[in-house]
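S.K.: Kindly return the folded structure for what I paste below:
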Amino acid sequence: MKAFLPFLLIFSSSLLRAEDWPRFRGPQGNGVSQDAKVALSWSEKKNIKWKLALPGPGSSSPITSGDHIFLTCYSGYGTNPSDVENISALKRHLLCIERGTGKLIWEKQVKATQPEDPFRGYLTEHGYASHTPVTDGKTVFVFYGKSGALAYDAKTGKELWRTPLGKSSSSRRWGSASSPILYKDTVIINASDESETLFALNKATGKVAWKVKAGGIALTFGTPGIVRSGEREDLVIAAPYEIWGMNPDKGTLRWFCEIPMDGNVSPSILADKGVIYAFGGYRTRGSVAVRSGGSEDVTKSHLVWKTRTSSYVPSPVLHDGHLYWMDDRGNAFCSEAKTGKVVYEKEIIGPSRDRPVYASPVLANGRIYCVTRKRGTYVFAAQPRFKELANNRIANDESDFNASPAISDGQMFIRSNRFLYCIEE
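M.R.: Numbering: from 1, shown residues only. Now for the predicted structure:
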């Protein structure tokens with residue numbers, strides 16, 4: 001067995017509303033919103049209700065719970081290519097923001113546990129605040145890499161517990177990016193870079209409910225996910241060379257499927273109607289569809305298709321039998337979910353030395369919203385014939401936009417390395 005990487009959760013809590021966006025890529029972890037009131041277009045003079053200056057950059061996404069927004073940032077070190085002198089000054093921030101006004105309600109800072117990975121190489125692509133928080137409406141849970149997992153009271157910001165999850169680094173020293181998810185009374189975290197271990201922590205205490213160490217998950221950067229298969233739920237993990245289905249109550253392996261994806265795996269999986277879609281690895285290694293469930297080696301029985309078309313960083317969305325994504329080079333794709341066959345590939349951003357797209361798309365009201373780093377947010381029709389609907393730029397913000405948006409109650413929340421924006425028609 002080689003390793004781990006995951007995505008998709010059935011999220012439930014009486015404290016959350018149907019329209020909340022309580023975790024990375026929304027309540028189901030698939031980037032899909034049922035909200036039909038999201039704005040199509042915006043600029044610095046149009047449809048921006050408010051913006052909030054942030055204490056530092058980050059690639060993590062905002063989440064919402066009721067009248068509150070939660071977001072992480074970092075400061076003190078690695079905020080730009082010249083800020084590389086004092087790594088001991090690195091701090092993480094958790095912000096609680098009033099969604100109606102953009103007013104900061106409370107902020108909590110955590111000094112980084114040392115030694116941290118230096119700001120160079122691939123780590124400069126995403127920085128030190130890449131893990132999106134998760135909330136059940138009462139408590140906010142964050143993962144800060146080598147500084148561990150922490151829980152805060154959502155109302156007051158009081159720290160409830162702190163659990164270390166390892167301080168190691170892979171040979172590449174890229175840091176980690178996986179976001180925590182909730183399952184029953186546990187918080188599940190993929191501490192791939194820190195200890196090559198998958199953890200389930202008790203929500204109330206932070207104590208380890210179970211943990212599984214697996215050599216090789218250091219190159220898995222996606223978020224764990226819960227996928228229903230018949231009457232049971234599997235914790236699904238896609239990693240270089242394999243997808244695993246695990247018992248989320250115990251951490252034991254139920255099934256695995258061999259896949260051609262190698263290198264590092266960054267996108268998060270999707271699941272729909274019992275089929276799991278996994279992207280990642282080197283660009284030429286492609287993507288796969290695997291039926292969930294089964295036991296032991298299901299490679300021959302459950303592998304539905306595999307292709308050579310993939311996404312290196314952004315995760316796809318699924319709509320009406322088609323998968324949509326914009327890859328890190330700025331090319332828009334659509335493929336058939338049933339076969340993996342590419343329906344269209346459209347160059348949106350021309351040849352570039354940098355990686356122009358890092359965020360994953362979201363889907364709402366028949367539209368796909370793709371945030372690019374410096375070229376605004378492209379909006380496409382969610383249909384198997386390419387149609388660009390808008391390109392929304394905030395001209396006076398020249399910083400990177402690395403994070404996937406959040407959607408809730410007709411509002412879209414987009415963060416750059418400088419500001420959090422509330423976009424509303």
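
S.K.: What separation do you get for the closest residue to residue 173 other than its chain neighbours and residue 374?
M.R.: Distances taken as Cβ to Cβ, 6 or more residues apart in numbering place residue 117 nearest to residue 173, at 4.4 Å, with adjacent residues excluded. Backbone N, C-alpha and C define where each C-beta goes, glycine included. According to Cβ to Cβ, to the nearest Å, residue 117 and residue 374 sit 25 Å apart.

S.K.: how about the strands of the stretch 1-150 of the chain, start to end?
M.R.: For the stretch 1-150 of the chain, the strands defined by DSSP state E, counting those that start in this stretch cover 48-53, 63-65, 68-75, 91-98, 104-111, 134-135, 139-143, 149-153.

S.K.: could I get those strands as CSV with distance to residue 172 and mean neighbour count?
M.R.: What follows is the strands of the stretch 1-150 of the chain, written out as CSV (distance: least, Cβ to Cβ, whole Å; neighbours: other Cβ atoms under 10 Å):
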stretch, distance to residue 172, mean neighbour count
strand 48-53, 33, 16
strand 63-65, 28, 25
strand 68-75, 20, 24
strand 91-98, 21, 21
strand 104-111, 24, 15
strand 134-135, 26, 27
strand 139-143, 19, 26
strand 149-153, 23, 21
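
S.K.: just so I know, which of those lies nearest residue 293?
M.R.: strand 134-135 (25.6 Å; Cβ to Cβ).

S.K.: That closest one pairs with which strands?
M.R.: Applying DSSP bridges, strand 134-135 is found paired with strand 139-143 (antiparallel).

S.K.: Could you give the separation of the partner strand from the chain centroid?
M.R.: Taking Cα atoms, centre = their mean, to the nearest Å, the mean C-alpha location of strand 139-143 is offset from the chain mean by 15 Å.

S.K.: Quick one: the helices in the stretch 251-400 of the chain, in order.
M.R.: Secondary structure of the stretch 251-400 of the chain by DSSP state H, counting those that start in this stretch: the helices cover 299-302.

S.K.: Tell me how far stretch 16-28 lies from the chain's centre.
M.R.: 13 Å.

S.K.: related to what we said a few turns ago, ok, residue 117 and residue 374, which is more surrounded?
M.R.: Set residue 117 next to residue 374 and count neighbours by other Cβ atoms under 10 Å: residue 117 wins out with 21 against 15.

S.K.: Relative to residue 290, how far out is residue 255?
M.R.: Counting by Cβ to Cβ, the gap from residue 255 to residue 290 is 9 Å.

S.K.: Residue 42 against residue 48, yeah?
M.R.: Yes: using Cβ atoms under 8 Å, residue 42 is in contact with residue 48, at 5.9 Å.

S.K.: okay, and the common contacts of those two?
M.R.: Listed as contacting both residue 42 and residue 48 by Cβ atoms under 8 Å, 6 or more residues apart in numbering are 394, 423.

S.K.: Now do the same contact list for the residue lying closest to residue 165 once chain neighbours are set aside.
M.R.: Leaving aside its sequence neighbours, residue 165 sits nearest to residue 191 (Cβ to Cβ, 6+ apart; 4.1 Å). By Cβ under 8 Å, 6+ apart, the contact list for residue 191 reads 143, 165, 166, 176, 178, 197, 198, 199.

S.K.: again, but for residue 44
M.R.: Applying Cβ under 8 Å, 6+ apart, the residues contacting residue 44 are 394, 395, 396, 397.

S.K.: Kindly report the same for residue 175.
M.R.: Shown in contact with residue 175 (Cβ under 8 Å, 6+ apart): 117, 123, 126, 127, 128, 130, 145, 193.

S.K.: Can I take it that it is in a strand?
M.R.: No: per DSSP: H, G, I helix; E, B strand; the rest coil, residue 175 lies outside any strand segment and is coil.

S.K.: Of the contacts of residue 191, which belong to strands?
M.R.: 143, 197, 198, 199 (DSSP state E).

S.K.: Rebuild these as a markdown table, extending it with pLDDT.
M.R.: Formatted as a markdown table, the ones in strands among the contacts of residue 191 follow (pLDDT from 0 to 100):
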| residue | pLDDT |
| --- | --- |
| 143 | 98 |
| 197 | 95 |
| 198 | 96 |
| 199 | 97 |
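
S.K.: what's the closest of those residues to residue 318?
M.R.: residue 198 (24.9 Å).

S.K.: doesn't residue 188 make contact with that closest one?
M.R.: Yes: using Cβ under 8 Å, residue 198 is in contact with residue 188, at 7.2 Å.

S.K.: Between these two, which contacts overlap?
M.R.: Counting by Cβ under 8 Å, 6+ apart, the contacts common to residue 198 and residue 188 are residue 224.

S.K.: What pLDDT does the model give the closest residue to residue 277 other than its chain neighbours?
M.R.: In space, and not counting its chain neighbours, residue 277 is closest to residue 270: 4.4 Å by Cβ to Cβ, 6+ apart. Listed pLDDT for residue 270 reads 93.

S.K.: Now do residue 270 against residue 254, distance only.
M.R.: 19 Å.

S.K.: neighbour count winner among those two?
M.R.: residue 270 (27 against 21).

S.K.: what separates that one from residue 291, distance-wise?
M.R.: 14 Å.

S.K.: what touches both of the two?
M.R.: In contact with both residue 270 and residue 291: residue 276, using Cβ under 8 Å, 6+ apart.

S.K.: Now do the residue nearest to residue 85 when sequence neighbours are not counted against residue 87, distance only.
M.R.: Nearest residue to residue 85 in three dimensions, chain neighbours excluded: residue 77, at 7.9 Å (Cβ to Cβ, 6+ apart). Relative to residue 87, residue 77 is positioned 5 Å away (Cβ to Cβ).

S.K.: Can you pull the residues that touch both of those two?
M.R.: Taking Cβ under 8 Å, 6+ apart as the contact rule, residue 77 and residue 87 both touch 112, 119.

S.K.: more neighbours, those two?
M.R.: Neighbours were counted for residue 77 and for residue 87 using other Cβ under 10 Å; residue 77 has more, 21 against 17.
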